[in-house]
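S.K.: My questions concern the predicted model and sequence given below.
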Amino acid sequence: MTASKSNKTISKAVDSTLIRRLYQFLKPYNKYILLALVLTLIVSFLGPLRPYLIQIAVDDYIAEGDVPGLTRITLIILAALIAESIIMIGMTYITRWVGQGALLSLRNAVFKKIQSLHVQFFDKNPIGRLITRTTNDIEALSDLLSSGVVNIIGDLFRIFFILLFMFTMSWELTLVAISTLPVLFYATFWFKAKVRIAFLEVRDWIARLNSFVQEHINGMSIVQLFGREDKEAEKFRKINQEHTGSHIRTIFYFAIFWPAVEVLSSLAMALVIWYGGASVLSGTLTFGILLAFIQYVRLFFLPIRDLSDKFNTLQSALASSERIFDVMDTPNEVIEKENAISKKPSSYNIEFRNVSFKYMPDGDQILRNVSFEVKQGQTVAVVGATGAGKSTLINLLTRFYDIHEGEILLDGINIKDYSIDCLRSSFGLVMQDNALFSGSIADNITLGNEDISQDKVKTAAQAVEAHHFIDKLPGGYNYVLQERGASLSMGQKQLLCFVRAMVYNPGVLILDEATSNVDSETESLVNNAIDRLMKDRTSIVIAHRLATIQHADKIIVMHKGEIREVGTHQQLLRKKGGIYRKLYELQYKDQAA
């Protein structure tokens, strides 16, 4: 019993906190919300007013045979109906407009938060789940933010005005009419407890579905190549079945609750007719009051049914908002210092001092006491077997991850002292996995930076020998790429990434396996592009193909997270039994070292 009460208290606290946080996105529209509430109160009053006016028409005019009076009261009823309809149109438009504005702000806030998070967050969270947070979960808040809260308040006031009119006419008949409420309240609280859990499960399985679909569409060629269609379809069927089962549980609770409300409503109507009819026959009640009460009973249970429906919306929205704010509350592990340096370095000397790093607190050590220096204008290559820690150096230098032991210096200043924008704008990064987006080639190169002119883009493309193939495309630089640049070859996509790096004129060029996915002919073009990009520029090159780094000023050989050898190409080849020499001999078996 104590645990149950504790869970309810926590649930209420969580709900109220979530509602307060959601309200922050509605706050800019306070005056419109106030206007909507005023209009809602008027509508809530006009609806229950009609049965009261009908009671007057029956008892005071029809019973008395007063035709002029009946005409007047009929016009008043018609005016109330027209006014209610007009006000409802205005109220609906305002609430929907406010809700969409709040959703716009919420989507922007969630996407901005996701963009600001450290890379490790994306290692732990599937992309499909994050897509669900920014689409399905936010869309689930649409009804709540658009009209849910205002309509809940409107329904509560409608119930209040109905009861007020009913008690004014006959308090005895009112008590008879609401005698079924205790049973209804019990059914509502039972429904609330069950449906909240069911909705949380539904949202969770939707996220899993999206994640599974996204991953398997991206990897469809692998699935088909290895003939795994049936096995993967079976996995999808199981996830889909769980998702459907969660939905069916919510349907089951509604299938019990809705008929229960309908039965209680009909029972209340029967009691009113029985008791009220007897009172009319005995002369203690007028027929007009009985007629009004029959309408009031119907009107009374309508907002109660609406409230349970709104409660459904509220539970779905709270389940979604819980997941949205989980993302919003994720602490960023890469934090910018207050008053961080925003001025670019005057030189681009890079130094690693005793850097050790592991991706997970309880994981394996990836780097162990790594120290080296890259001087302004130097080209330093990093080689080693897969898993040696080469790419980790780049992740730490660009602060995609933060080190916990040692320090990294840029122009003699710890990189943590720079603002993140300033630090990252100092680097031009070209990776093995070329990141291109849906949009024109020009937009992919400039990334929407309006300060970069079309002439500058063309100059950069000519410098890395990409202009020739771009110019042949329909529309040239305005050619619209498909998702991830699917309409281009691997070499063409990589050349575009080089153009992007060059057009931003970075102080430090970083190449992470930049030529590993290109063919021999394109590699020649890429190598020419690399030579131009590296000229008079601090460069760090990570490569498996040793032919691309033979002219580096310094080559660092890494093995199991440690620096094992340092020297030029020729110096390292002269080391008998050295790691670099072994790597070279494996790649060039037919050539004499």
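M.R.: Looks like it arrived, so ask away.
S.K.: Just the strands from the protein, written as ranges.
M.R.: Using DSSP state E, the strands assigned to the chain run over residues 350-357, 367-374, 379-384, 405-410, 413-414, 427-431, 439-440, 480-481, 508-512, 538-542, 554-559, 562-567.
S.K.: Same list, these, but as a markdown table with distance to residue 453 and mean pLDDT please.
M.R.: Every C-beta, even on glycine, is put in place using the N, C-alpha and C of the backbone. Listed next are the strands of the chain as a markdown table, based on distance: least, Cβ to Cβ, whole Å; pLDDT from 0 to 100:
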| stretch | distance to residue 453 | mean pLDDT |
| --- | --- | --- |
| strand 350-357 | 30 | 91 |
| strand 367-374 | 31 | 90 |
| strand 379-384 | 29 | 88 |
| strand 405-410 | 29 | 90 |
| strand 413-414 | 32 | 90 |
| strand 427-431 | 18 | 82 |
| strand 439-440 | 15 | 80 |
| strand 480-481 | 20 | 80 |
| strand 508-512 | 22 | 85 |
| strand 538-542 | 26 | 87 |
| strand 554-559 | 36 | 89 |
| strand 562-567 | 42 | 89 |
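S.K.: do you know which of the ones you listed lies nearest residue 55?
M.R.: When the strands of the chain are compared by Cβ to Cβ, strand 439-440 sits nearest residue 55, at 66.1 Å.
S.K.: now for that closest one, which elements pack on it?
M.R.: For strand 439-440, the packing partners by 3 or more Cβ pairs under 8 Å, 6 or more residues apart in numbering; DSSP states H and E come out as strand 480-481.
S.K.: Give the partner strands of the strand it packs on in its sheet and their orientations.
M.R.: Strand 480-481 sits in its sheet next to strand 439-440 (antiparallel), going by DSSP bridges.
S.K.: List of residues touching the partner strand?
M.R.: Contacts of strand 439-440 with the rest of the structure, by Cβ atoms under 8 Å, 6 or more residues apart in numbering, involve 475, 477, 478, 479, 480, 481.
S.K.: show me the contacts for the fifth one.
M.R.: Just to be clear, that refers to residue 480. For residue 480, the contact set (Cβ under 8 Å, 6+ apart) comprises 438, 439, 440.
S.K.: Tell me, how many residues neighbour the second one?
M.R.: Residue 439: 12 surrounding residues under other Cβ atoms under 10 Å.
S.K.: same question, the one 10 residues further on
M.R.: A count of nearby residues for residue 449, using other Cβ under 10 Å, gives 10.
S.K.: Now the residue nearest the centre of the chain: closest residue in space, sequence neighbours ignored.
M.R.: Taking Cα atoms, centre = their mean, the centroid of the chain lies closest to residue 134, which sits 2.3 Å from it. Of all residues not flanking residue 134 in the chain, residue 110 sits nearest, at 5.3 Å (Cβ to Cβ, 6 or more residues apart in numbering).
S.K.: Let me see the confidence value for the nearest residue to residue 179 once chain neighbours are set aside.
M.R.: Nearest residue to residue 179, sequence neighbours excluded (Cβ to Cβ, 6+ apart): residue 271, at 6.5 Å. With respect to pLDDT, residue 271 scores 87.
S.K.: quick one: contacts for residue 271?
M.R.: 176, 177, 179, 180.
S.K.: Columns distance to residue 127, pLDDT and neighbour count on top of those residues, output as JSON lines?
M.R.: Formatted as JSON lines, the contacts of residue 271 follow (distance: Cβ to Cβ, whole Å; pLDDT from 0 to 100; neighbours: other Cβ atoms under 10 Å):
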{"residue": "176", "distance to residue 127": "59", "pLDDT": "86", "neighbour count": "19"}
{"residue": "177", "distance to residue 127": "55", "pLDDT": "84", "neighbour count": "25"}
{"residue": "179", "distance to residue 127": "55", "pLDDT": "84", "neighbour count": "15"}
{"residue": "180", "distance to residue 127": "51", "pLDDT": "81", "neighbour count": "20"}
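S.K.: Going by distance to residue 120, which of these wins?
M.R.: residue 180 (56.5 Å).
S.K.: hmm, back to that, mind checking which of the contacts of residue 271 are in helices?
M.R.: Cross-referencing those against helices under DSSP state H gives 176, 177.
S.K.: longest helix anywhere in the protein?
M.R.: Max-length helix for the chain by DSSP H is helix 229-282.
S.K.: ranges for the helices of the stretch 401-550 of the chain?
M.R.: Secondary structure of the stretch 401-550 of the chain by DSSP state H, counting those that start in this stretch: the helices cover 420-424, 441-446, 454-463, 467-472, 490-503, 520-534.
S.K.: so what's residue 101 closest to, chain neighbours aside?
M.R.: Spatial nearest neighbour of residue 101, excluding adjacent residues (Cβ to Cβ, 6+ apart): residue 29 at 6.1 Å.
S.K.: Now do the contacts for the one you found.
M.R.: By Cβ under 8 Å, 6+ apart, the residues touching residue 29 are 98, 101, 102.
S.K.: what sits against residue 377?
M.R.: 536, 537, 538 are the contacts of residue 377 under Cβ under 8 Å, 6+ apart.
S.K.: What is the neighbour count of the second one?
M.R.: By the criterion of other Cβ under 10 Å, residue 537 has 19 neighbours.
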